[in-house]
Every structure is written in structure tokens, then in C-alpha cells.
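> Quick one: sequence plus predicted model below, questions after.
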Amino acid sequence: MTIGNYPATRLRRTRAASWSRALHRETALSPADLIWPLFVTAGSGVEEPIASLPGVARWSVDGIVARAREAVALGIPVVALFPNTPRERRSADGAEALNPDNLMCRAIRAIKDACGEALGVLTDVALDPYTSHGQDGLVDAAGYVINDATVAVLVDQALNQAEAGADIIAPSDMMDGRIGAIRRALEMGGHVNVQIMSYAAKYASAFYGPFRDAVGSGGLLKGDKKTYQMDPANAEEALREVALDLAEGADSVMVKPGLPYLDIVQRVKARFAVPVFAYQVSGEYAMIEAAAAAGAGERDALVLETLMAFKRAGCSGILTYHAAHAARLIGA
């Protein structure tokens, strides 16, 4: 590449005016790039603020519908649902995940009744919101999460959600082989247009704490998730995980967490040229809110700059708790 020398080339020349900066901007961010995670809880007319996630709440199904309508109005194309299952409905085998009238399924149906095709619904497939031990799958006597038996339950969970009207099934469990098993079941069940967004590279991260508070699994978790979530030291392994999930039928893949793993996002996009999403997880959100509250940074600027970083790294979209706020900022 030939680059001119100073002063013939002045890189500040195109930065001198706002119109010129807009003209030369390489990366664009819009509300259509955002997915809004929402937490569903039992009851009616319920809004439960989450202390570790300032500005985020658990909503009963009627409140979730209101948020869904808000998303449509803001131009956000998809909401992602996560249930806070009551403790009395949690069990060692996570059987509530298969209940066609569980919180997740009721919320899916209510959103679809209210918004139709104007809004996509992404649903989490994993057992941690339903188990009494907080793990994403079935465990043996030693507490080890059993892969193949868990996959069988995840398949039934995915079908349950698809039959309720889910548009995107998002397995977050990190069991081997679950994408292929779910894809086959969806095809055989007639759900040929239901997408799979695989949590293909999900790391055993320290950034998940507030999320576990939000879905009620934090205080229940026995042990850790390092036998199935990825080691934060590994990058090549992420590429193998993505390759396997794409071969098994994933329509898109996700990297989680987000900002600490933008190198993984970039490598996945460069290697596979497929839709790549990232989850700006609860700990990332909480740090931005804490920084803003402490006066260490301006909230709106921090929100937009971090979201732009995801897009610059190659993301097709971002799951973020700041989705509604960011959409308003972008549209302002």
C-alpha cells in the first residue's frame, strides 16, 4: 500500500468538520444491530429492580409485552428472554424447562400475540434457570455435568420453545453435539425456519455474576462451570467450537462475553464469514453503570463507544442491556 507523505497527506483533513467525519465513518451503528435481553418473572403487574444491574428489572409477562412493544417502536428487531423460575418449580432435572406453560413459553406467546412478525423472539436453551443446583445440565453423583443426557433434555426444551413461537433458539449450555441434535429435531418437527444462534464460544467468565442474580441461579450454583464453558486463555479452541456448530446447523454464532473477547469475534468473522453476534454481558453493563455513577465517564458516550467497538470488530449484532437506551441515543 502506498501512502502519501506529509504535508501532501494530512489525515486530520477529513476530521476537520462534522459532515466530513460522518462521510468518512467506516462503521455504522443502528437500532437494528441490537438485541434486548429481558428477564421474565412470575405474577402480574410485577417489576422487580435487580440491584446488581442498575436500571434493569425482572418483569411479569404483561410487563414483558410492554417492553416488546417498546422495542418495536425503537426499531430493535429482537428481544431475548430469560426466565426467573420460582424456586418451588426448580428441580435437579430441570423439568420445568419442558412445561409448555412455563414462564418462557407464556412470554413467547404473549409477545407474538402482541407484536406478530414485527419483532423476533430469541430464547435461551440451557437448564440453569430451571435446576435446583444452578448448573446448565444434568449432574451425576460427583456433580459433573453429563453431556449426552443433557442434550436429550435440551432438544425437548428447544422444541417446547419453538412450538410456543420462538423465532431463534439460542443454546447457551456448551454441551458437545447439541446444535446438531436440536437442528434435526426442529426439522423433523416442522420448524424448518426456526433459526439457531449458537453460543459457540462461551467462556467460563467472571463477568456473569449479575445475570445469575437476575435469573435466580447465583445463590444455587454448586461448584463452577469450567468443565463445559471455555477457558479464557484459549482462542484456537473457539474456532474449533464455531466450526463444529456451523457444521451441525447453526445459522449464526455468538461470542460471550463481549468486550474482553473482541479478538475472538474478529477471528471468527475473518475465518468463517458468517453472522457473528456478541453478548455484552451483565458484568460489562454493570461496570459501565458504575463508572458513570462514579463520574469516571459519561454514560451515553461509554454506551455508544463500546457498542461501536463490537461492530468494528465484525459483529452483525449485539445483545446488550443498554439496547433501549442506545436505540434512543442513536435515533436522537
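Nice, thanks for sending it over. Numbering: from 1, shown residues only.
> give me the number of residues near residue 157?
If you count neighbours by other CB atoms under 10 Å, residue 157 ends up with 27. Where you see a C-beta, it was placed from the backbone N, CA and C, and this is true even at glycine.
> Below-threshold pLDDT in this protein: ranges please.
Regions of the chain meeting the criterion pLDDT under 70 cover residues 1-2, 332.
> Helices along the stretch 1-150 of the chain, start to end?
18-23, 61-74, 103-115, 147-164 (DSSP state H, counting those that start in this stretch).
> residues touching residue 244, list them.
176, 179 (CB atoms under 8 Å, 6 or more residues apart in numbering).
> Wait, a helix at it?
Yes - applying DSSP: H, G, I helix; E, B strand; the rest coil, one finds residue 244 inside a helix.
> how many other residues sit next to residue 80?
Residue 80: 20 neighbours (other CB under 10 Å).
> er, residue 5 actually
6.
> ok, now how distant is residue 131 from residue 192?
Using CB to CB, to the nearest Å, residue 131 is found at 30 Å from residue 192.
> Hmm, I typed the wrong one, I wanted residue 172.
23 Å.
> same deal with residue 144?
Distance of residue 144 to residue 192, computed by CB to CB: 35 Å.
> Residue 51 now?
For residue 51 relative to residue 192 (CB to CB), the value is 43 Å.
> Could you do residue 251 as well?
According to CB to CB, residue 251 and residue 192 sit 12 Å apart.
> more neighbours, these two?
residue 251 (17 against 9).
> which non-adjacent residue is nearest that one?
residue 195 (4.4 Å; CB to CB, 6 or more residues apart in numbering).
> what are the bridge partners for that neighbour, then?
Beta-bridge pairing for residue 195 (DSSP bridges): residue 168.
> Quick one: residues contacting it.
Applying CB under 8 Å, 6+ apart, we find residue 195 in contact with 167, 168, 169, 251, 252.
> Look at the last one and say how many residues are nearby.
Close neighbours of residue 252, defined as other CB under 10 Å, add up to 19.
> Wait, it touches residue 316, no?
Yes - between residue 252 and residue 316 there is a contact at 7.0 Å, judged by CB atoms under 8 Å.
> Phi and psi next, for residue 281.
phi -80, psi 180 (degrees, to the nearest 10).
> What's the local residue count around it?
The local packing of residue 281 (other CB under 10 Å) involves 26 other residues.
> Looks like it contacts residue 212 (just checking).
No - contact criterion CB under 8 Å: residue 281 and residue 212 do not qualify, at 10.7 Å.
> out of the helices of the stretch 1-150 of the chain, which comes closest to residue 39?
When the helices of the stretch 1-150 of the chain are compared by CB to CB, helix 61-74 sits nearest residue 39, at 8.6 Å.
> Can you give me the neighbour number for residue 124?
What residue 124 shows, counting by other CB under 10 Å, is a neighbour count of 22.
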